[in-house]
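Chemist: mind folding the following:
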Amino acid sequence: MGSFGERLKEERERLGMTQAAFAAACGVGKTAQYTYEANDRHPDALYLGYAMAAGVNVGYVLNGSRQHPGAQIGAALKIVDKIGEELILDALGNIDLEGFTESISDSDIEAAGNHDLVPMLQKLIAHTPELRMILEGNQNQTVDAGLLERVLLAVENSNTARALPAGKRARITALAYRIAKQTGIVDKRVIEESAALATPELG
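Modeler: Predicted structure coming up:
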């Protein structure tokens, strides 16, 4: 079966890509790619998302099984992407990606396909303690995945918020979620006003 690095190299070569080309496709430098293939370092979830988009069987790279449900990883990373790039880099840097993807069932994927993200979000939160801390303001509380889905949808539907960089959208999402958790209401006015404050003045 080989090591993680050997399987990663095998997948890269299967795609007919040089280390430099593959590294660029995955958002890293050639040196980082070399260290991954040499088992000196391991990549994060964002790298694996790019690798999957390039055609890599991420399940095989992670655990050596070509039967690993790659579709589950794809569905999982779509949910991750909804939460914003900054949260991927900051909160999701330590996600238990393998545990997360293995916990996802066919019914979770079917639900996500029907725009019901709650089951996936619950599992994402369960495997990402840092995300829980961001959403709850470092308090040890339970994250309401249904409420988080409604907040994400409201942020996504706000033209003002959607025009902002991913990091600012992530902070607005966390703020709106905390307020909604206290009030029970997803206040679109809070999202719009926060987004307007975060919008740099033009001219």
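
Chemist: and the helix of greatest length in the chain, what does it pack onto?
Modeler: Longest helix in the chain, counting residues (DSSP state H): helix 166-183. Here helix 166-183 touches helix 85-90, helix 129-136, helix 145-156, helix 159-162, helix 188-198, going by 3 or more CB pairs under 8 Å, 6 or more residues apart in numbering; DSSP states H and E. For the C-beta atoms, the positions are set from N, CA and C on the backbone; glycine is no exception.

Chemist: okay, and the closest residue in space to Gly29 that isn't next to it in sequence sits in which element?
Modeler: Leaving aside its chain neighbours, Gly29 sits nearest to Ala23 (5.8 Å; criterion: CB to CB, 6 or more residues apart in numbering). Per DSSP states H and E, Ala23 falls inside helix 19-25.

Chemist: ok, residues contacting the helix or strand just after that helix?
Modeler: Once helix 19-25 ends, the next helix or strand along the chain (criterion: DSSP H and E) is helix 30-37. For helix 30-37, the external contacting residues (CB atoms under 8 Å, 6 or more residues apart in numbering) are 4-6, 8-9, 12, 19-20, 22-23, 26, 41-43, 47.

Chemist: quick one, phi psi at Phe4?
Modeler: Phi and psi for Phe4, reported as degrees, to the nearest 10, are phi -50, psi -50.

Chemist: quick revisit: the residue nearest to Gly29 - how many residues pack around it?
Modeler: 21 (other CB atoms under 10 Å).

Chemist: mind listing what it touches?
Modeler: 29-30, 32-33.

Chemist: closest one of those residues to Arg132?
Modeler: Checking the contacts of Ala23 against Arg132 with CB to CB, the nearest one is Ala32 at 28.8 Å.

Chemist: for the closest one, give its distance to Tyr47.
Modeler: Ala32 sits 8 Å away from Tyr47 when distances are taken as CB to CB, to the nearest Å.

Chemist: with Met133 instead?
Modeler: Counting by CB to CB, the gap from Met133 to Tyr47 is 23 Å.

Chemist: ditto for Ala176
Modeler: 29 Å.

Chemist: these two - which one has more neighbours?
Modeler: The residue with more neighbours, out of Ala176 and Tyr47, is Ala176; 26 against 18, by other CB under 10 Å.
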